[in-house]
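# structure for this input, please:
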Amino acid sequence: MEAWRRQWAEEEARRAREQAEEAQRLAREQAEREERERQAVEAANAWWHRLSKQQITQLFAAVAERAWREEKLWVQIPEKLLMDPAYAYGVPLYTQDKRRRSLYGVVRPCPSLLATSSRAREDHALVRSAHEARELQEMGHEGRITHFDLPEHEQLTML
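Modelled structure (predicted):
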């Protein structure tokens, strides 16, 4: 009987150790995931903060105008621009026809985050300039890239 109790206690101790190790592993993985997400958001914010609100507005207007002029597509520009992690923190734009909504392209996916999103590497990317297009290509973008030849920096005018 004593041997059975000792064996049972050892088994219980082993299970408790395994549970503690599993909990530590899960906590470590969660912390690593949160840190990766924090770094991704930081990189995306830095990428988007390279532009002023005026430049962002100008880019989205150029995208909508080109979609209509060249493809006769009406692109839905969201009122609140939300970076989407699934698209390397770019802003996905959609077209809507009578039957379905489809992705038109992703505005300014973050080049340093392309590796985290296989979709963003392949989807149509819409960027301000040839320089931004090169940054995407250098980081492995494999899909179509449209750049709008918009100025890299805002032109300041003296009054």
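
# next, the distance between the ends of stretch 87-101.
Its first and final residues considered, stretch 87-101 spans 17 Å by C-alpha to C-alpha, to the nearest Å.

# ok, and what's touching that stretch?
With contacts defined as C-beta atoms under 8 Å, 6 or more residues apart in numbering, stretch 87-101 is touched by 40-41, 43-44, 47-48, 63, 67, 73-78, 81-84, 86, 102-111, 113-114, 116-117, 119-121, 123, 125-126. Placement of C-beta: from N, CA and C, glycine included.

# swap in stretch 45-53?
56, 59, 83, 89, 108, 110, 111, 112, 128, 154.

# out of those, which sit inside helices?
Among the contacts of stretch 45-53, the ones falling in helices (DSSP state H) are 56, 59.

# and the furthest pair within the contacts of stretch 45-53?
The span of the contacts of stretch 45-53, defined through C-beta to C-beta, is set by 112 and 154 at 23.4 Å.

# which one's more surrounded, these two?
Using other C-beta atoms under 10 Å, the more surrounded residue of residue 112 and residue 154 is residue 112, with 17 against 11.

# isn't residue 139 up against residue 115?
Yes. Between residue 139 and residue 115 there is a contact under C-beta atoms under 8 Å: 7.4 Å.

# quick one: which of these two has more around it?
When residue 139 is set against residue 115 and neighbours are counted by other C-beta under 10 Å, the residue ahead is residue 139, at 16 against 12.

# how far does the lengthiest helix in the chain sit from the chain's center?
In the chain, with assignment by DSSP H, the single longest helix is helix 2-48. Here the centre of helix 2-48 is set off from its chain's centre by 27 Å, with C-alpha atoms, centre = their mean, to the nearest Å.

# before we move on, the earlier item: which of the contacts of stretch 45-53 fall in strands?
Taking DSSP state E, every one of the contacts of stretch 45-53 sits outside strands.

# mark which of the contacts of stretch 45-53 are buried, thanks.
56, 59, 83, 89, 108, 110, 111, 112, 128 (16 or more other C-beta atoms under 10 Å).
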